[in-house]
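Visitor: Give me a 3D structure for the following:
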Amino acid sequence: MRINLGAVARVALLVTVAAIVGPSPGQAGGGGDDDDWVRTTGDILQIALPVLGGGSTFFTNPESGKRWDRDGTKQFAWAYGASWTTTYGLNLIFSKARPNGDNRTSFPSGHTMSAFAGAAFIDGRYGRTFGIPAYALAVFTGYSRVHSGWHYRDDVLAGASIAMMYSWHFVSPQPGKISLLPTVSGQGLGMTLSVGGTGRDLDQEAEAEPRGSGYEFAFGPAFLISNQAASLGDGGTVFELGGLEGNNDPTTTASVTISLRAGAKGRVRLGWGPFEAKDRGAFSEDVVFGGETYAAGEPVESQWRYYDARGLYERVMLDSRDWGVSCGAGIGLAYSYAALAAADTSRSSLVDDTVVYPYLMLGTNYRFSDRLSLGVSGAGITWGNEWLLDAKLTLCWRVARAWDFSIGYMYFTRQIETDTFYNKVRYSIPGFAMTRYW
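Guide: This next block holds a predicted model:
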């Protein structure tokens, strides 16, 4: 199966919106009775969208005199069943605490997965006319889970990505539909008009073609090494967030990267990674933060957020049988904040920061075979008292032209120091990623 580039951009935009929208810092889970309709609507949509998608197959056979789209029913069952199995398996494996503290099944978001599974099936089987409204409702479902305090943004991002990945694998356009499919060859980009068929044969015929656009979903546990923060300019003290109880360490996080071909040797990569942690405990010494004082031994709650959006142009510099080398340059937009609150809610303080930064990237990989490769890469920048570094080691398996699976390890460190905010953080992140190419 292939979908057009417009579908990739459309879905990527919707997932990004679902991850970004939500309450302002400190508002999650506190909408009150006036916002009950948001949560309730999300509860309804997570059931209504898959029911609409699966149920529609019993009335949409394009052949004269027939109603039941049997192939559609099978495809929906496989995609939806695999999405549910994966989501609840990851709930058990990662046991991530919810923002509201209700239980430890935060990652991934089951509501968001269910809504996006229905929307992705409708879009993949019946086209964008029905798919765009379905995705809009799925986005609202993701928003409702963040807004009501039941999930973090990366939980929503993971639920949506799981559902779409399985739909892209199992679901094909209904026979008789007309679709424009992107093609990539040595001569450049092109379009193929396809009438009827499932599109699966096209993937098999295109196995040797260069890869076009791609969607990567990566996730894994994030082990805290250290996270120091301070409010500057108000007599704030430097304190260690890792010194608290650690009820959400390791936490679990997720990110997505959309890649587009830019010539024979270039790619543009657009990435989004919301990183969120919440904790409680007590400091061993008095802490002054944001104009408030938290005494040693006093129960406090902490929140830390780091939302990072990046755009990168990457170019292949060496592409031999055994080795590959690439480098690139990009720009990032990072928003981060730290917040403390007394457990009795008598005091709270929050300090945030937004930084626009350039960065460089260098990577190399060794190919054991056409299917298996080992890569090392680094991306980062340093300027003044601030720096950013991502160092990655990745083992990648090319399952087919359309799919890559990889496991790896990332060391992440960042320091910012502005007039109002200081934050120095280090994380160790093993993870798994899957990429769908068109």
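
Visitor: Quick check: Arg104 touching Ala97?
Guide: Yes. Applying Cβ atoms under 8 Å as the test, Arg104 and Ala97 come out as touching, 5.1 Å apart. No exception for glycine: its C-beta is placed from N, CA and C like everyone else's.

Visitor: Please identify which of the two sits among more neighbours.
Guide: Ala97 (20 against 15; other Cβ atoms under 10 Å).

Visitor: Could you check how far that one is from Leu270?
Guide: 30 Å (Cβ to Cβ, to the nearest Å).

Visitor: Ala329 now?
Guide: Counting by Cβ to Cβ - Ala329 and Leu270 are separated by 14 Å.

Visitor: same question, Thr354
Guide: Here the criterion is Cβ to Cβ. By it, Thr354 lies 19 Å from Leu270.

Visitor: Check Gly324 too.
Guide: 21 Å.

Visitor: what pLDDT, on average, does stretch 154-164 get?
Guide: Here stretch 154-164 scores 96 as its mean pLDDT.

Visitor: can you give me the strands in the stretch 151-300 of the chain?
Guide: Ranges of strands in the stretch 151-300 of the chain, per DSSP state E, counting those that start in this stretch, are 178-185, 188-195, 214-231, 239-240, 251-261, 266-281, 287-289, 292-294, 300-319.

Visitor: which residues in the chain form helices?
Guide: 5-20, 36-56, 70-94, 110-126, 128-147, 153-170, 200-205 (DSSP state H).

Visitor: For the third one, buried residues please.
Guide: Residues 71-72, 75-76, 79-80, 82-84, 86-87, 90-91, 94 are the ones in helix 70-94 that count as buried (16 or more other Cβ atoms under 10 Å).

Visitor: Could you dump those residues into CSV and include distance to Pro430 and pLDDT?
Guide: Output for the buried residues of helix 70-94, formatted as CSV (distance: Cβ to Cβ, whole Å; pLDDT from 0 to 100):
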residue, distance to Pro430, pLDDT
Asp71, 39, 94
Gly72, 38, 94
Gln75, 33, 96
Phe76, 33, 97
Ala79, 28, 97
Tyr80, 29, 97
Ala82, 24, 97
Ser83, 24, 97
Trp84, 25, 97
Thr86, 18, 97
Thr87, 20, 97
Leu90, 15, 96
Asn91, 19, 95
Phe94, 12, 93
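
Visitor: for these, which one is nearest Gly142?
Guide: Thr87 (13.6 Å; Cβ to Cβ).

Visitor: Now do the contacts for that closest one.
Guide: Pro108, Gly110, Met113, Gly159, Ile162 (Cβ atoms under 8 Å, 6 or more residues apart in numbering).

Visitor: Highest neighbour count among those?
Guide: Most surrounded of these: other Cβ under 10 Å gives Gly159, at 34 neighbours.

Visitor: Could you verify my assumption that that residue touches Pro108?
Guide: Yes. In this structure, Gly159 is within contact of Pro108 by Cβ under 8 Å, at 4.1 Å.

Visitor: Count the neighbours of the residue nearest to Gly290 when sequence neighbours are not counted for me.
Guide: Spatial nearest neighbour of Gly290, chain neighbours left out: Ser349 (2.7 Å); criterion: Cβ to Cβ, 6 or more residues apart in numbering. Residues lying near Ser349 (other Cβ under 10 Å) number 21.

Visitor: now swap in Pro299 and tell me
Guide: By other Cβ under 10 Å, neighbour count at Pro299 equals 12.

Visitor: on that earlier part again, of Thr354 and Leu270, which one has the most company?
Guide: Leu270 (17 against 13).

Visitor: does the more buried one really touch Gly311, like I thought?
Guide: Yes. Counting by Cβ under 8 Å, a contact exists between Leu270 and Gly311, whose distance comes to 5.4 Å.

Visitor: Now do the strands in the stretch 301-438 of the chain.
Guide: 323-342, 348-367, 372-383, 386-400, 403-417, 421-437.

Visitor: CSV please, covering the ones you listed and showing distance to Val51 and mean pLDDT.
Guide: Formatted as CSV, these follow (distance: least, Cβ to Cβ, whole Å; pLDDT from 0 to 100):
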stretch, distance to Val51, mean pLDDT
strand 323-342, 37, 95
strand 348-367, 41, 94
strand 372-383, 42, 95
strand 386-400, 32, 95
strand 403-417, 29, 95
strand 421-437, 26, 95
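
Visitor: distance from the centroid: which residue in the protein tops it?
Guide: Gly65 (43.4 Å; Cα atoms, centre = their mean).

Visitor: Domain boundaries for this protein, per the record?
Guide: Listed by automatic domain parsing, the domain ranges of the chain are 5-205, 214-437.

Visitor: contacting residues around the nearest residue to Met164 once chain neighbours are set aside?
Guide: Excluding the flanking residues, the one nearest Met164 by Cβ to Cβ, 6+ apart is Ala120, at 4.8 Å. By Cβ under 8 Å, 6+ apart, Ala120 lies in contact with Val11, Ala79, Gly131, Tyr135, Ala163, Met164, Ser167, Trp168, Val171.

Visitor: What subset of those residues is buried?
Guide: Looks like the contacts of Ala120 have Val11, Ala79, Gly131, Tyr135, Ala163, Met164, Ser167, Trp168, Val171 buried, using 16+ other Cβ under 10 Å.

Visitor: Show the contacting residues for the fifth one.
Guide: What it means is Ala163. Neighbours of Ala163 in contact, by Cβ under 8 Å, 6+ apart: Ala79, Ser83, Thr112, Met113, Ser114, Ala115, Phe116, Ala117, Ala119, Ala120.

Visitor: quick one: the fifth one and Arg98, what's the gap?
Guide: Think Ser114. Noted for Ser114: a distance of 17 Å to Arg98, by Cβ to Cβ.

Visitor: Also the second one?
Guide: When Cβ to Cβ is applied, the distance between Ser83 and Arg98 equals 20 Å.

Visitor: how many neighbours does Ala158 have?
Guide: Count around Ala158 with other Cβ under 10 Å applied: 31.

Visitor: my guess is it meets Phe107, correct?
Guide: Yes. The pair formed by Ala158 and Phe107 meets the contact definition of Cβ under 8 Å, at 6.1 Å.

Visitor: Could you name every residue contacting both of those two?
Guide: Leu90, Phe219, Ala254.

Visitor: mind giving me CSV with those residues and columns for distance to Gly297?
Guide: Listed next are those as CSV, based on distance: Cβ to Cβ, whole Å:
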residue, distance to Gly297
Leu90, 37
Phe219, 36
Ala254, 35
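
Visitor: Just the closest of those residues to Glu301, please.
Guide: Nearest to Glu301, judged by Cβ to Cβ, of these is Ala254 at 23.6 Å.
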